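Participant: okay, structure incoming, though there's no sequence with it:
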Ligand code: SF4
Ligand code: SF4
């Protein structure tokens with residue numbers, strides 16, 4: 001497979017949203033990755049609008065810059081998202097759209113509509129045949145089958161269950177229907193380490209499907225109710241929730257890669273942006289602002305999701321002189337697991353040519 005090109009625009013202070021949006025505009029123009037889009041074409045932009053209280057997601061002001069650039073090419077962009085597994089503000093299309101609007105993702109502010117592709121409760125899905133190691137078919141939001149193009153805007157972060165989240169996760173988990181997300185998480189079985197559990201109940205408050213109950217004055221996770229979202233792990237201050245890492249996480253990562261493969265299988269034109277700024281331990285599904293674990297790096301752009309993710313991971317690791325993802329989630333080579341398997345099944349290429357935009 002030929003090397004892909006990854007374009008890079010440095011960003012040192014992402015708190016300045018207007019400046020970051022300007023830098024994004026420069027990257028979009030100079031990388032010129034939208035060359036083949038046809039006049040009047042409908043262009044989905046997949047991004048994460050942030051859980052309620054989250055401030056780390058790519059800001060609507062920045063996404064608006066992309067929308068403006070696309071509209072200048074006489075195409076019709078829109079934001080596409082799907083519902084999540086757990087209870088909360090993104091579990092159905094109505095609450096999800098209202099939360100998006102609170103974060104500035106509304107048609108008036110953006111100049112483009114927002115569309116929850118898997119329907120009111122995640123019912124609008126279809127199976128796509130992929131015949132890979134974990135799945136023969138993947139269950140994705142049905143409108144994806146009508147996409148000719150796709151623009152992905154991902155925020156690069158760590159992740160509770162996959163260790164690393166960027167373009168592959170934005171697509172693989174992000175355009176799966178709720179059923180598809182459940183199929184990906186099905187191997188994640190969490191357990192309480194009772195010796196460590198102080199029964200502080202923080203995990204119980206975080207669990208949005210009420211899977212955690214009291215058993216002999218300790219927390220107990222009911223496996224038939226748990227949907228494997230991992231939120232309880234972040235809540236526990238005593239490291240008393242285990243088994244999410246290692247082999248289970250590797251399988252989840254591979255499943256997610258297979259979903260990304262299925263989503264992208266029939267889409268002709270694809271562009272991926274990775275925002276390696278405000279990089280946090282956990283992803284934007286966290287309902288809070290999180291401290292950063294690495295200084296701002298910049299924005300990456302490519303037509304290859306594997307190259308785009310590899311370049312972002314390489315530069316993050318280089319900037320702190322070590323594998324920060326393994327450090328914050330010890331136990332597995334998270335980003336490499338994802339990328340090696342992604343390359344193996346033909347999602348993209350880990351080798352890339354690097355072009356810095358000034
Ligand atoms: S948050 Fe941790 S220590 Fe507290 S009840 Fe849950 S498992 Fe136990
Ligand atoms: S992973 Fe934890 S928070 Fe998520 S559903 Fe299971 S028990 Fe609840």
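Facilitator: Perfect, I can see it now. Keep in mind the model is a prediction, meaning the values are calculated, not measured. Ligands and ions are numbered 1, 2, ... in the order given.
Participant: is it true that residue 137 touches residue 125?
Facilitator: No: using Cβ atoms under 8 Å, residue 137 is not in contact with residue 125; the gap is 10.9 Å. C-beta: built from backbone N, CA, C; applies to glycine.
Participant: which of these two has more neighbours?
Facilitator: Per other Cβ atoms under 10 Å, whichever of residue 137 and residue 125 has more neighbours is residue 125, with 21 against 16.
Participant: now the more buried one: closest residue in space, sequence neighbours ignored.
Facilitator: Nearest residue to residue 125, sequence neighbours excluded (Cβ to Cβ, 6 or more residues apart in numbering): residue 177, at 3.3 Å.
Participant: show me what contacts that neighbour?
Facilitator: Taking Cβ atoms under 8 Å, 6 or more residues apart in numbering as the criterion, residue 177 is in contact with 82-83, 118, 122-125, 139-142.
Participant: which ChimeraX command selects the buried ones in those residues?
Facilitator: Applying 16 or more other Cβ atoms under 10 Å to these, the buried members can be selected in ChimeraX as follows:
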select :82,83,118,122,124,125,139,140,141,142
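Participant: just send the contacts of residue 177 back as JSON lines, with distance to residue 252 and pLDDT too.
Facilitator: Shown next, in JSON lines, are the contacts of residue 177 (distance: Cβ to Cβ, whole Å; pLDDT from 0 to 100):
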{"residue": "82", "distance to residue 252": "17", "pLDDT": "96"}
{"residue": "83", "distance to residue 252": "19", "pLDDT": "91"}
{"residue": "118", "distance to residue 252": "20", "pLDDT": "93"}
{"residue": "122", "distance to residue 252": "19", "pLDDT": "86"}
{"residue": "123", "distance to residue 252": "24", "pLDDT": "86"}
{"residue": "124", "distance to residue 252": "24", "pLDDT": "91"}
{"residue": "125", "distance to residue 252": "19", "pLDDT": "91"}
{"residue": "139", "distance to residue 252": "16", "pLDDT": "93"}
{"residue": "140", "distance to residue 252": "17", "pLDDT": "96"}
{"residue": "141", "distance to residue 252": "19", "pLDDT": "96"}
{"residue": "142", "distance to residue 252": "24", "pLDDT": "96"}
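Participant: from the contacts of residue 177, which is closest to ligand 1?
Facilitator: Within those, the smallest distance to ligand 1 is 26.4 Å, found for residue 83 (Cβ to the nearest ligand atom).
Participant: wait, a helix at the closest one?
Facilitator: No: Residue 83: not assigned to a helix; according to DSSP: H, G, I helix; E, B strand; the rest coil it is coil.
Participant: that one and residue 331: what is the separation?
Facilitator: As defined by Cβ to Cβ, to the nearest Å, residue 83 lies at a distance of 30 Å from residue 331.
Participant: from the contacts of residue 177, which land in strands?
Facilitator: Among the contacts of residue 177, the ones falling in strands (DSSP state E) are 125, 139-141.
Participant: for those residues, give me CSV that also has distance to ligand 2.
Facilitator: Below are the ones in strands among the contacts of residue 177 laid out as CSV (distance: Cβ to the nearest ligand atom, whole Å):
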residue, distance to ligand 2
125, 21
139, 19
140, 22
141, 22
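Participant: looking at the residues you listed, which two lie furthest apart in space?
Facilitator: 139 and 141 (9.0 Å; Cβ to Cβ).
Participant: now do the SS call for residue 37.
Facilitator: Classification of residue 37 using three-state DSSP returns coil.
Participant: could you report the pLDDT at it?
Facilitator: For residue 37, the pLDDT comes out at 84.
Participant: ok, now the one 5 residues further on?
Facilitator: Turning to residue 42, the model gives it a pLDDT of 96.
Participant: now do the one 5 residues further on
Facilitator: Confidence at residue 47, expressed as pLDDT, is 98.
Participant: if I pick it, what's in contact with it?
Facilitator: Going by Cβ under 8 Å, 6+ apart, residue 47 touches 57-58, 63, 79, 81, 152-154, 170.
Participant: neighbour-wise, which one of the residues you listed leads?
Facilitator: residue 154 (30 neighbours).
Participant: I'd like the mean pLDDT over the helix or strand where it lies, please.
Facilitator: Assigned by DSSP states H and E, residue 154 belongs to strand 149-155. The average pLDDT within strand 149-155 is 97.
Participant: tell me, how many residues neighbour residue 303?
Facilitator: 16.
Participant: how about the residue lying farthest from the centre of the chain, what does it touch?
Facilitator: What lies farthest from the middle of the chain is residue 216; by Cα atoms, centre = their mean that is 37.4 Å. In this structure, residue 216 makes contact with residue 194, judged by Cβ under 8 Å, 6+ apart.
Participant: relative to residue 146, how far out is it?
Facilitator: Taking Cβ to Cβ as the criterion, residue 216 is separated from residue 146 by 53 Å.
Participant: what are the ranges of the strands in the stretch 151-300 of the chain?
Facilitator: For the stretch 151-300 of the chain, applying DSSP state E, counting those that start in this stretch gives strands covering 191-192, 212-215, 218-221, 241-242, 269-276, 279-280, 292-294, 298-302.
Participant: from the ones you listed, which stretch is densest packed?
Facilitator: Across these, averaging neighbours per residue (mean count of other Cβ atoms under 10 Å) puts strand 298-302 on top, at a mean of 27.
Participant: what angle sits between the very next helix or strand once past that strand and strand 269-276?
Facilitator: Downstream of strand 298-302, the first helix or strand assigned by DSSP H and E is helix 305-320. Angle, helix 305-320 to strand 269-276, by axes from the mean of the first three to the mean of the last three Cα atoms, to 10 degrees: 20 degrees.
Participant: could you pull out the buried residues of the following helix or strand past helix 305-320?
Facilitator: Counting by DSSP H and E, the next helix or strand C-terminal to helix 305-320 is helix 324-328. Neighbour-count burial for helix 324-328 flags 324-326, 328 (criterion: 16+ other Cβ under 10 Å).
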